[in-house]
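1. what's the 3D shape of this:
(chains A, B, C and D, ligands or ions: 4)
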Amino acid sequence: MTRATERKQGFMRSLDPAVLTAFGCIVLLLVLGSFYSRSFLSPEYLLQQLKVASFLGIIATGMMLVVLLGQIDLSVPWTVATGAMMACAAAAYGPLGTTLAIPFGILCGIGIGLFNGVGVAYLRIPSMIVTLATNAVAQGVMVVYTGGFSPQDSATAAMRYLATGALIPGIPNVVFIWALIGAAMVFLLRRTGFGRAVYGIGNRERAAYLSGINTRRIVMTAFAASGGLSAFGGVLLAGYASKAAQSMGDAYLLPAIAAVVLGGTSILGGRGSYLGTVAGVILITLLQSILSVTQMPEAGRQIIYGVVIILMLLLYGRAPASR
Amino acid sequence: MKDWEYRLAEHRGTLTALAIFVVMFIIYTANHPAGFTANVIQTAANKGVLLAFVAMAQTMVVITAGIDLSVGMIFLLTNCLASWLVVGSPLETAFGVLVVLAVGALCGATNGAIVIYGRLQPIVATIATGAVYFGIALLLRPFPGGSVNEHLADALTGRIFAVVPASLVALAAVVLLIWVPFSRSVYGRAAYAAGSSETSAYMSGMPIRRGKLLAYTLSGLVAALGGLFLTFFTYTGDAAFASGNAYTLFSIAAVVLGGVSLFGGKGSAIGAVFGALAFRTIGDLLFVFDLDPLWQPLFQGLILLAAISLGALALFRVRNRLEWFL
Amino acid sequence: YAEPEVVSGPAAEPECFAPWSADTKFFKFPKKEGPYRIALANGYIANTWRIQMVQTAKAYAAQPDVAAKLKEFKVVSTGEDVPAQISAINNFIDSGYDAIVVNAQNPTAFAPVIKRAKEAGVVLVAFDNILDTQDAINVNVDQKGLGQLWGEWLVKHLPNGGKVLEVRGVAGTSVDTDRHNGIHERLQASGKNFEVIEVVGKWDDGVAQKVTADAIATSGPFDGITGQGGDTGIVQAMIDAKHPFVPFGGETENGFRKFCAAHAADGLKCSSAGTGPAQVAVAIKTAIAALEGQVVPQSVKLPLAIVEDPNFKEGQDYFQSESDNFFVGNSFPTCGINFSAQEIMKQSKENQ
Amino acid sequence: MENGGPLFRMEGISKRYGGVRALENAGLSVRAGAIHAVLGENGAGKSTLIKIMAGVVAADEGQMTLDAQPVKFASPAAANAAGIACVFQELSLIPELSVADNIVISNPPTRFGMIDRKAQRRIAEEALARAGAADIHPLALVKDLPLSRKQIVEIAKALARKPRILILDEATSALTAADVSKVFAVLKRLRAEGLALVYISHRMNEIAELADDCTVFRNGSKVASYAAGTRSDAEVIEMMIGREYHSVYPPKPGRLAQIAPVLETRNLSWADRLHDISFSLRSGEIVGLGGLDGQGQRDLLLALFGVLRGLRGTVLVDGSPISIGSPAQARRHGIGMALIPEDRKTEGLMQPMTVRDNLSLASLDRLTRGGIIDRAKEESAINQMMTLLAIKAGNIDAPVGALSGGNQQKVVIAKWLMRQPRIILLNDPTRGIDVGTKQEIYLLLRRLADEGAAILFYSTDYAELIGCCDRVLVLYDGTVKRELAGAEITERALIASALNIPSAEPTQREPAQ
Ligand SMILES: Nc1ncnc2c1ncn2[C@@H]1O[C@H](COP(=O)(O)OP(=O)(O)OP(=O)(O)O)[C@@H](O)[C@H]1O
Ligand SMILES: Nc1ncnc2c1ncn2[C@@H]1O[C@H](COP(=O)(O)OP(=O)(O)OP(=O)(O)O)[C@@H](O)[C@H]1O
Ligand SMILES: [Mg+2]
Ligand SMILES: [Mg+2]
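-> Ligands and ions are numbered 1, 2, ... in the order given. Next up, the predicted model:
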């Protein structure tokens, strides 16, 4: 087999039916939306959606990494908030603080992620529960911080630029950032030993351990990465809204999980492609947006949101029949 | 090993949860300004029982190796429904209770059907159904309100013989009438077996689908009991999204504290009940320690973290590292 | 037990304890000897408003003249869960507190507790999210009036009607509904042709910004905007989308007011109104007055802190160098409560 | 039982898994009161056939008759109801449930709709006793039992169903000789009681002892059916592998030079499972671990590989003491250790991942540069292994789970050979593997030894130890009871020392230093 055909095969594999159907659903949603208003097909609207999707996309990237391991990260809400608030806080400490604001925010997220990772990998506490507790602790810390220590909560110019500027005219920076992170993730998963190990651990951690893979370090690293990406998402969100707020991450947890799974990643770990996650993120964002602008009462929106997700999953997200 | 050692091992999770709860509750009442009085117990019981029901509902799904992220929403939906239906004459009230429970069971069965026959992963399937149930709850109660048969409500949230909280008695009755028969039935065992190893259970010819469906259905039913009690406790229906989510997340914490394995196949709803009561006591501890109000959420988070980390202590006894990966 | 006597007005400090309406009852509780034990049963805590509120409560209770009347002031935050808050109040009652101040997670769920408080002779004062009852004291913000104010503002600035974006709060809460009704009442009453596009911003800057951006892209441009909260995010979305500045009726966030001051000349004509977190201090003050046996209305009407274009003054109505996140209107001069929000957040920093 | 037709008959059965043809027009006919042996190489389709018989998988084509009536099984439960019980090759026990729960699982006794625990326990004890394992506690959790005990429980579970047809798919593969003979007594009794038994095994001696009828499969089709004893072993093996067959074991090199050991342990102890184990392993040598199953052999291998905590004593590699804290350290350069684990399903392979990914998983550190996989290097290393071990896989990008058992095992071995390990630990590597593949593995081991590897080899099969090993350490209760070398390694000596009875042979030599 030549390298080229092999690469093509690898690409085709990532374009499995689930991913294709997910992209099909995106088109369908847009077409349905355009019946409501022509502007759903306008480039401004699409670009605007892509921009909004980028925040979820970045957060979902981290989520996907831990989901591939067969774990889950429920600390997203307050990791996002912590990243945002800490980045803004750093900016209060002179020019040095301002320069280091973004890395500092991400670093705080990595710290939370590391904590999760230690709990999951070294203390073997189920991720669902460690991350839940970490989320509570992060919330507690941020409440204390806001009530007593908060020197500043408005975003730095750099954060604003990353979130709202456009280096290449027409393409918002944040979309660009998501694309970069996505490319790095694809590379990481496909071409590096780390990626292979992640899939291996997701499939069977015991076998991975006996293969001499340092499973604990990889799990911990993945959680740290997830924390860092959530926090980075928070930093960008703060840039987007030009300030940080406590509850800013709440709206990202369930959509991030849903996006990853809608993209065909198995929640049990070991299976999934990043392209699918991209599709899932866009799907969720579009769905939320379309539901938000149609003048429907909240109740109806919730019902439609749930039903559409179920239908899409039934369309392509089913486990194979076992006989 | 002797018989009793095996039995002890079987119930270790439940007993640990009981111990955690007892220790916390003793700390709580010992420091409570009012002390260990019937009023204090009743207040704690009424609050604890709600989460206990939801945690019991969560357990039924978790033993099948599933997870129900809609359980809090079923709880809300049935609360809103009860605030319409559980009113009026005794007959009307009884009818209302039946309808509420039936709707809860239906929600659970819907989850089950989607997961089993639709072959979707429980975690996402229930995120989606949760949105639907919340939507319906919001349709029923766009604003908090409604009412409930106050005689029934007061009877079930009051005290029996002026000492025993009626809600605790109701909880015990539900455990005895729903959980125990279920867990000892063929279907209950099939649900456990499916959670432990679905392929093996299938190859052994167990009725796994029916077992799982029953587990999901009863889960919805028990969540509805929680919803009913919420109505009794508050006299109203309220579709509060944040509160539904909070109950879902708390129920997961309670289940883990109760020694139920999130990987399925192991644990008991009785453990989860104690887990729920223990979890609720964490919140109560805020009363008895004079904490700066801003530090309270942090304090709660840290106690939760400490409680779940207890499970990690067993790790240090593990001599064979492969046991990490069960 | 000691039930309040229903008396006729006026209240002890009529300027501060203004009755909600003409038919509001007045209570006179049996006088209790001080100093008192007062508790604050808060629900949710993790947002700026609530944190600012708790800080204000502590600061108020620490003021020498207030502190002299208090033996104990305890705050407990129980989160989003209504039963937990109910239990907290029950516990306070059982522990013998004299008065309990509550920011209720649900206006209708507290009937059994109100009953118990009454039996135990405990004074219950609700503020912000008040209780649906005649048996406890409510310290009220006129939420519908706020909506009416914003509605009127739009009517005034859009004499010919037009397309209005309404960014709503959290669905299902009475605050959201009251404000929404107030707005629509006035828009309709104007007889002009208003087309209203509603989106749900959940009182959150991030959410509000996102839905506003969506609405602008699909249904914009708009001739006027009204937002119940998350207003800084809404303006930010307008700026990002290069939407022209239009008249805006909104809340009292510092960030929003900063924008209003900066872009008034470009058309961002704002009415910024609300009642700040300092209403907790009014609630505490009311509780103390009731315990002291003074006459208080069952339902206290708080004045709105209104600032409208062109009256935004730096250092008083908004603070350019301060955080966007706090709510500016934080003083009730008629009650002798004069905290500036910024003072509250700063002071506590030194306290820690 | 000559009278009457067959009790159960399947004809024209075909089954495909995607592109893989597992069965093609296969058939089988079993009669009451007889044991029917099914033979065939790995991947011949034996398991697939009996899974169809047991209602686990649905055939694409073909008919089945029971008592001359056509039948179709929609589920294992349906097959159970028809009186067919099966001990599957991949066990079907529920790990979190107790032994008793598992035994009655398909049809538990109930009272008032609830499972009657007393009755259940009675049934379980009875079934365990019948299976010759009364020592297993009915309340023990299945997950806590070693594999060999699990297999017995599985047999007891099948017996508790009181079947008319009992199928055993490599049900004795993990059992030791002593357990096997107990099980055989049970099977013979069942035959006498008039049951029809289907018996799949790769152990020729077992089949010789038990079978009345035999059927040989190759490549998904039936090759021949014959009465037991009518064909010679060599003939049978030729039918199975489709070619001529010679002695199984490669010649041994004879006494090795006294070179310094690569691996040595001194007084190695762990918990209450291993006691004062001292031995040495030289390069070029294959050392066997013998003894009854569960005497600490597995623990010893895991201890050496860095999996166990709290080891006492010393482990020396190349003469210097080292401490190995994880498999990652064990495989490191300078130590170069590899462990072929016992259970390929849970410890050796990631079933849903591709053959390629599985093969490179243990060598990721070597196949990457700066963390990035060098694809050319990976490709050539994989190709080398595929040819070296003659792994039969249609497509290396297909999931490894789709390979037959034997080929899966080859993948497990290959993934470690890719690192060219100096010290190879093998934990019962030929369990459930056909003779052809076994022979390939023996040859491979000898070749690796000749090339300088030091091999420590645990096997439950005595013949293998005798045929392959230069020395054998016999373990009993966590200690090395005896060390046999060269001509001392006889079945008799192995069994005697395994049972810890004084050997009949007078020569008690000093262990080699
Ligand atoms: N792990 C599995 N492996 C293979 N097939 C499975 C598995 N789980 C469920 N099935 C499916 O389950 C069906 C029968 O399962 P089971 O006996 O549990 O059903 P049941 O509870 O009797 O359900 P029903 O109420 O629909 O009759 C089979 O047709 C098969 O397709
Ligand atoms: N679930 C499956 N998916 C794909 N292919 C399969 C599956 N199960 C079996 N096969 C294929 O069917 C063929 C027959 O496998 P089967 O397990 O029946 O062989 P066997 O004779 O039992 O071998 P062994 O002696 O190794 O157990 C093999 O080529 C195998 O790869
Ligand atoms: Mg087989
Ligand atoms: Mg096989």
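
2. any chance you could map the strands in the stretch 251-400 of chain D?
-> D:263-270, D:274-281, D:286-290, D:311-317, D:320-322, D:337-340, D:368-369, D:372-373 (DSSP state E, counting those that start in this stretch).

3. CA atoms only: put the third one into PDB for me.
-> Once side chains and other backbone atoms are set aside, the C-alpha atoms of strand D:286-290 remain, and they are given as PDB (Å, rounded to 0.1, in the frame of the first residue of the first chain):
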ATOM      1  CA  ILE D 286      13.700 -21.300  28.300                       C
ATOM      2  CA  VAL D 287      12.700 -21.800  31.900                       C
ATOM      3  CA  GLY D 288       9.300 -23.200  32.600                       C
ATOM      4  CA  LEU D 289       7.000 -22.500  35.500                       C
ATOM      5  CA  GLY D 290       5.100 -25.600  36.500                       C
END
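
4. For ligand 3, give me its nearest residue in the stretch 101-250 of chain B.
-> Relative to ligand 3, the nearest point of the stretch 101-250 of chain B is B:M203 (13.7 Å; CB to the ion). Quick note: C-beta positions are derived from backbone N, CA and C, even for glycine.

5. Please tell me how far that residue sits from chain C.
-> The gap separating B:M203 from chain C is 44 Å, by CB to the nearest CB, to the nearest Å.

6. Please name the nearest non-neighbouring residue to that residue.
-> Leaving out its chain neighbours, the residue that sits closest to B:M203 by CB to CB, 6 or more residues apart in numbering or on different chains is D:S92, at 3.8 Å.

7. if we can go back for a sec, I'd assumed D:L93 was in contact with the residue of the stretch 101-250 of chain B closest to ligand 3.
-> No - judged on CB atoms under 8 Å, B:M203 makes no contact with D:L93 at a distance of 9.5 Å.

8. more neighbours, those two?
-> Using other CB atoms under 10 Å in any protein chain shown as the criterion, B:M203 and D:L93 rank with D:L93 on top: 27 against 22.

9. tell me which element B:P181 falls in.
-> Assessed by DSSP states H and E, B:P181 sits inside helix B:180-184.

10. by contact count, what packs against that helix?
-> If contacts are counted by 3 or more CB pairs under 8 Å, 6 or more residues apart in numbering or on different chains; DSSP states H and E, helix B:180-184 sits against helix B:186-196, helix B:208-234, strand D:114-115.

11. Relative to chain A, which of these is closest?
-> Relative to chain A, the nearest member of these by CB to the nearest CB is helix B:208-234, separated by 10.6 Å.

12. pLDDT weak spots in the stretch 51-200 of chain A?
-> Within the stretch 51-200 of chain A, no range satisfies pLDDT under 70.

13. What strand or helix carries the residue of it found nearest ligand 4?
-> Distance from ligand 4 to each residue of the stretch 51-200 of chain A (CB to the ion) is smallest for A:G200, at 22.8 Å. Secondary-structure element containing A:G200, defined by DSSP H and E: helix A:193-203.

14. Following that helix in sequence, what is the next regular element?
-> helix A:205-210.

15. Mind putting the helices and strands packed on helix B:180-184 into a markdown table with mean neighbour count?
-> What follows is these, written out as a markdown table (neighbours: other CB atoms under 10 Å in any protein chain shown):
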| stretch | mean neighbour count |
| --- | --- |
| helix B:186-196 | 26 |
| helix B:208-234 | 27 |
| strand D:114-115 | 17 |
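
16. Those residues of the stretch 1-150 of chain A touching chain C, which are they?
-> A:37, A:39-40, A:42, A:44-45, A:48, A:52, A:139, A:142-143, A:146-150 (CB under 8 Å from any CB of the partner chain).

17. at 10 Å what do you get?
-> A:33, A:36-40, A:42, A:44-49, A:51-52, A:55, A:77-78, A:80-81, A:84-85, A:88, A:136, A:139-140, A:142-150 (CB under 10 Å from any CB of the partner chain).

18. Just the buried residues of those.
-> If you count burial by 16 or more other CB atoms under 10 Å in any protein chain shown, the buried members of those come out as A:33, A:37, A:39-40, A:45-49, A:51-52, A:55, A:77-78, A:80-81, A:84-85, A:88, A:136, A:139-140, A:142-148, A:150.

19. So which of those belong to helices?
-> A:33, A:45-49, A:51-52, A:55, A:77-78, A:80-81, A:84-85, A:88, A:136, A:139-140, A:142-144 (DSSP state H).

20. Please name the nearest non-neighbouring residue to the closest residue to ligand 2 within the stretch 201-350 of chain C.
-> Per CB to the nearest ligand atom, C:K210 is where the stretch 201-350 of chain C lies closest to ligand 2, at 46.1 Å. Leaving aside its sequence neighbours, C:K210 sits nearest to A:V52 (CB to CB, 6+ apart; 5.7 Å).

21. who touches that neighbour in this structure?
-> A:172, A:174-175, A:240, A:281, A:285-286, A:288-289, C:209-211, C:213-214, C:217 (CB atoms under 10 Å, 6 or more residues apart in numbering or on different chains).

22. separation between it and ligand 1?
-> As judged by CB to the nearest ligand atom, to the nearest Å, A:V52 and ligand 1 stand 40 Å apart.

23. measure that residue to chain B for me?
-> Going from A:V52 to chain B by CB to the nearest CB gives 19 Å.

24. wait, doesn't C:I100 sit right on C:I38?
-> Yes - contact criterion CB atoms under 10 Å: C:I100 and C:I38 qualify, at 7.4 Å.

25. what's the overlap in contacts for these two?
-> Common neighbours of C:I100 and C:I38 (CB under 10 Å, 6+ apart) are C:74, C:92, C:123, C:125, C:287.

26. so how far is whatever helix or strand D:H36 lives in from its chain's centroid?
-> Per DSSP H and E: D:H36 is located in strand D:34-40. From the chain centre to the centre of strand D:34-40 is a distance of 18 Å (CA atoms, centre = their mean, to the nearest Å).

27. check whether that strand contacts ligand 2.
-> Yes - residues of strand D:34-40 contacting ligand 2 under CB under 6 Å from any ligand atom: D:G40.

28. Would you agree A:V198 is in contact with A:F223?
-> No - using CB under 10 Å, A:V198 is not in contact with A:F223, being 11.6 Å away.

29. Just want to know which of these two has more residues nearby.
-> Each of A:V198 and A:F223 has its neighbours counted (other CB under 10 Å); A:F223 has more, 32 against 28.
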